[in-house]
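Engineer: Structure here, sequence nowhere to be found:
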């Protein structure tokens, strides 16, 4: 059995395929950012009621653990993006898929900071200044993960038979 291809993707030249991959990657990273925004809105709504009934507690080690997890998540997402991008520029086989995942994967991983922020707000302190780093990190990493037009140069030497996966 022969694999089926999108009829348009087989007739596209390299620059057109690269452009389609760039647009697809950018669109999905923006979808992750929208999901992060909605998650933050829901978290804020849940923590609003909690903040009214909240009584200050002594500082706990849970605060340090959650902030440490935020730091590890931030570093892992950033390093993963850099490593995956290096693989895209070094190995050109399957580079459309690698290009896509080098942008979408780290953005999605950074979005895990929002549930960490909800946990921090629920268990430690629902104050905005305490939760803000958990909400800022996914946006910063997400905007760093947005593919740029200048990154199309990585596709100049891709193999001619490489097609895009379904959009």
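Structural biologist: Done, it's in. Not measured: the values here are computed from a predicted model.

Engineer: where does the chain dip in pLDDT?
Structural biologist: Across the chain, the ranges flagged by pLDDT under 70 are 1-12, 54-59, 91-94, 152-167.

Engineer: what about the longest helix in it?
Structural biologist: helix 14-53 (DSSP state H).

Engineer: Quick check: the most centrally placed residue in the chain vs residue 76, distance?
Structural biologist: Nearest to the geometric centre of the chain sits residue 107, at 0.7 Å (C-alpha atoms, centre = their mean). Look at residue 107 and residue 76: by C-beta to C-beta, to the nearest Å, they are 13 Å apart. All C-beta spots, glycine's among them, are computed from the backbone N, C-alpha and C.

Engineer: Report the contact partners of the nearest residue to the residue nearest to the centre of the chain once chain neighbours are set aside.
Structural biologist: Using C-beta to C-beta, 6 or more residues apart in numbering and skipping the chain neighbours, the partner closest in space to residue 107 is residue 145 (4.1 Å). The neighbours of residue 145, taking C-beta atoms under 8 Å, 6 or more residues apart in numbering as the test, are 29, 81, 103-104, 106-107, 110.

Engineer: could I get the residues you listed as CSV with secondary structure and distance to residue 15?
Structural biologist: Listed next are the contacts of residue 145 as CSV, based on DSSP: H, G, I helix; E, B strand; the rest coil; distance: C-beta to C-beta, whole Å:
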residue, secondary structure, distance to residue 15
29, helix, 21
81, helix, 24
103, helix, 19
104, helix, 21
106, helix, 25
107, helix, 25
110, helix, 30
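
Engineer: now, among these, which is nearest to residue 68?
Structural biologist: residue 110 (15.8 Å; C-beta to C-beta).
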